[in-house]
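**Q** What would the 3D arrangement of this be:
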Amino acid sequence: MVEENKLFLVLSLHRAGSSATAGVLHHLGIHMGDDLLEPSTFNPKGYFENKKFVDINDHILALLGGAWNSPVSREKVAKLHYPEVTIRSFLST
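**A** Have a look, this model is predicted:
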């Protein structure tokens, strides 16, 4: 029997329930990654978000002069040529 990998990606603006959605998927048995963001005083139940993915997202935003709480325009993101090898490396883990 061949086991297929499936990718689940939760896209959301900050403060829009992405951690809650990721948490539901996690509790339904979806593997959200081996290295998840730790719970904090702001979110004691945990974020259930993959640290590597968050790091890539933060890096892209920083390259464009933005941050998680200060997103950049779609046009800026579309013009960025982010290293494909970085994305493929993340997706293959």
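**Q** Helices of this structure, residue ranges please.
**A** Assigned by DSSP state H, the helices in the chain fall at 18-27, 51-63, 74-79, 84-91.
**Q** who wins for proximity to Glu4 among these?
**A** Checking the helices of the chain against Glu4 by Cβ to Cβ gives helix 84-91 as the closest, at 14.1 Å. All C-beta atoms are positioned from the backbone trio N, CA, C, and that covers glycine.
**Q** how many degrees apart are the closest one and helix 51-63 in direction?
**A** Here helix 84-91 runs at an angle of 150 degrees relative to helix 51-63 (axes from the mean of the first three to the mean of the last three Cα atoms, to 10 degrees).
**Q** Let me see the mean pLDDT of helix 84-91.
**A** For helix 84-91, the mean pLDDT works out to 87.
**Q** And that helix, how far out from the chain middle?
**A** Centroid separation for helix 84-91 versus its chain: 13 Å, with Cα atoms, centre = their mean, to the nearest Å.
**Q** and stretch 15-30, C-alpha only, in CSV?
**A** This file holds the C-alpha atoms of stretch 15-30, laid out as CSV (Å, rounded to 0.1, in the frame of the first residue of the first chain):
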residue,chain,number,x,y,z
ARG,A,15,-6.0,37.7,14.4
ALA,A,16,-8.4,35.9,12.1
GLY,A,17,-8.5,32.4,13.7
SER,A,18,-5.6,30.7,11.9
SER,A,19,-4.3,29.2,15.2
ALA,A,20,-7.8,27.9,16.1
THR,A,21,-8.2,26.4,12.6
ALA,A,22,-4.8,24.8,12.8
GLY,A,23,-5.6,23.5,16.3
VAL,A,24,-8.8,21.9,15.0
LEU,A,25,-6.9,20.2,12.2
HIS,A,26,-4.3,19.0,14.7
HIS,A,27,-6.9,17.5,17.0
LEU,A,28,-8.6,15.8,14.0
GLY,A,29,-5.3,14.0,13.5
ILE,A,30,-3.7,16.1,10.8
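**Q** List the buried residues of it.
**A** Across stretch 15-30, burial judged by 16 or more other Cβ atoms under 10 Å covers Ser18, Ser19, Thr21, Ala22, Gly23, His26.
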